[in-house]
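> let's see this in three dimensions:
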Amino acid sequence: MLNPQFLVEERKQFLGGSDIGVLMGANPYKSPYQLFLEKRGELPPEEENDAMRWGTAFEEFIRSEAIRLTGLTFRRSRKRYRHPDYPFLVAHVDGIRSDAVLECKTTTSRMLSQYGNHGDLIEEVEGGLCPPSHFYQMQWYMLLTKKPVCYYAVGVLDNREVRVLKCVENRASQAEILSRALSYWADVQNGNEPELMFAVDFDHKYPEEHQDLREASSDEEHALQEYVELKRERGQYDEQIKKLETFLKSRVADHAGLQSSSGRVLCTWKVQERSSLDTKQLKEQHPDLVEALTCKSQHRVFRSYR
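Take a look at the predicted model:
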């Protein structure tokens, strides 16, 4: 098995399928700026989350269901497909046959509004039959494998359902993706930062404040007032609140915050320290100590058996 650290270092050397939706600005969970920092080694790659683990665990089952539902045979492929002219552009596919590739995904019924029905044909990113980042990823795989079709097998975990859609090559989208990938990779190599899109981008860009509060402009005061009212009204973050936070962080930058013309503090954005115990590392390095300090208890459990 490959060392995880080796895989982290290796991923800095190329753009793969999971990167494409990000650099196209179509991934709601990661921005082009975050990916830029990862590729340059300035930000550790995101840790595997539950969705990623479930996706990996169910991949083989979803592939077998896709074969059953379509009547087509897809073999697993360990091959790394590369662009003939640009070897730093690569693809790893979930399945392949002579005329098509297979992409496996998992989701839940809560997210089904983003997906089409079994047998639907995906031709454009705007079709609403799959998340845009998945469309770009599939076009990428077709581009690098030279296959005209990608079968899109989606496992709906809580519905115990697998639906298979068919995505066909879109030459215009593939040309757009290739152009963007080449431009993006050149920016990574040259250190040209992409546009900051998410609030978290500004957290990475400005990890500390280096200047005092500054006076807010009228549009900043208006945005801040709207931000406060929406948070009070809705009680949770939504897209509009996130957009306002992103705007305000972009304006605060490395200042400590904003104040009114009379000197009243309107908002602050300061470093806050928090200490926490790394229990995983503690268990790995001092298992005897963890065992000695672990409290154990007993209780009776009633179970019925048929």
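
> where exactly do the strands run in the stretch 51-200 of the chain?
For the stretch 51-200 of the chain, strands defined by DSSP state E, counting those that start in this stretch occupy the ranges 81-82, 90-91, 95-97, 100-107, 121-122, 149-156, 161-168.

> domains of this structure: list them as residue ranges, please.
4-190, 201-306 (automatic domain parsing).

> still on that earlier bit, ok, which of the strands of the stretch 51-200 of the chain comes nearest Phe247?
Across the strands of the stretch 51-200 of the chain, Phe247 has its closest neighbour in strand 100-107 (30.8 Å, Cβ to Cβ). C-beta coordinates here come from the backbone N, C-alpha and C atoms, glycine included.

> what helices and strands are in contact with the closest one?
Strand 100-107 is packed against helix 50-70, strand 95-97, helix 132-145, strand 149-156, with contacts defined by 3 or more Cβ pairs under 8 Å, 6 or more residues apart in numbering; DSSP states H and E.

> who touches that strand?
Outside of strand 100-107, the residues within contact range by Cβ atoms under 8 Å, 6 or more residues apart in numbering are 51, 54-55, 58-59, 62-63, 66, 72, 74, 93-96, 114-115, 134, 137-138, 141-142, 145, 147-157, 167.

> which residues are contacting the strand or helix carrying Glu284?
With elements taken from DSSP states H and E, the one containing Glu284 is helix 279-285. Contacts to helix 279-285, defined as Cβ under 8 Å, 6+ apart, come from residues Leu289, Val290.

> how about a cut-off of 7 Å?
Helix 279-285 is contacted by residues Val290 when judged by Cβ atoms under 7 Å, 6 or more residues apart in numbering.

> show me what secondary structure element comes after that helix.
Next along from helix 279-285, by DSSP H and E: helix 287-293.

> what comes up buried for that next one?
Residues of helix 287-293 classed as buried by neighbour count (16 or more other Cβ atoms under 10 Å): none.

> quick one: mean pLDDT over that helix.
Averaging pLDDT along helix 287-293 gives 82.

> same thing with stretch 11-20?
For stretch 11-20, mean pLDDT is 92.

> and if you look at stretch 192-210?
The average pLDDT for stretch 192-210 rounds to 91.

> send me that stretch as PDB with only the CA atoms.
What follows is stretch 192-210, C-alpha atoms only, in PDB (Å, rounded to 0.1, in the frame of the first residue of the first chain):
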ATOM      1  CA  ASN A 192      -0.300  33.800  -9.600                       C
ATOM      2  CA  GLU A 193      -3.100  33.500  -7.200                       C
ATOM      3  CA  PRO A 194      -6.600  32.900  -8.500                       C
ATOM      4  CA  GLU A 195      -9.600  35.000  -7.400                       C
ATOM      5  CA  LEU A 196     -10.600  34.500  -3.800                       C
ATOM      6  CA  MET A 197     -14.200  33.200  -3.800                       C
ATOM      7  CA  PHE A 198     -15.100  31.800  -0.400                       C
ATOM      8  CA  ALA A 199     -15.000  33.300   3.100                       C
ATOM      9  CA  VAL A 200     -12.500  30.700   4.100                       C
ATOM     10  CA  ASP A 201     -10.200  31.900   1.300                       C
ATOM     11  CA  PHE A 202      -9.700  35.100   3.200                       C
ATOM     12  CA  ASP A 203      -9.000  33.100   6.400                       C
ATOM     13  CA  HIS A 204      -6.000  31.600   4.500                       C
ATOM     14  CA  LYS A 205      -5.000  34.800   2.800                       C
ATOM     15  CA  TYR A 206      -5.000  36.900   6.000                       C
ATOM     16  CA  PRO A 207      -4.300  34.500   8.900                       C
ATOM     17  CA  GLU A 208      -3.500  37.500  11.200                       C
ATOM     18  CA  GLU A 209      -4.400  41.100  11.500                       C
ATOM     19  CA  HIS A 210      -1.500  43.600  11.100                       C
END
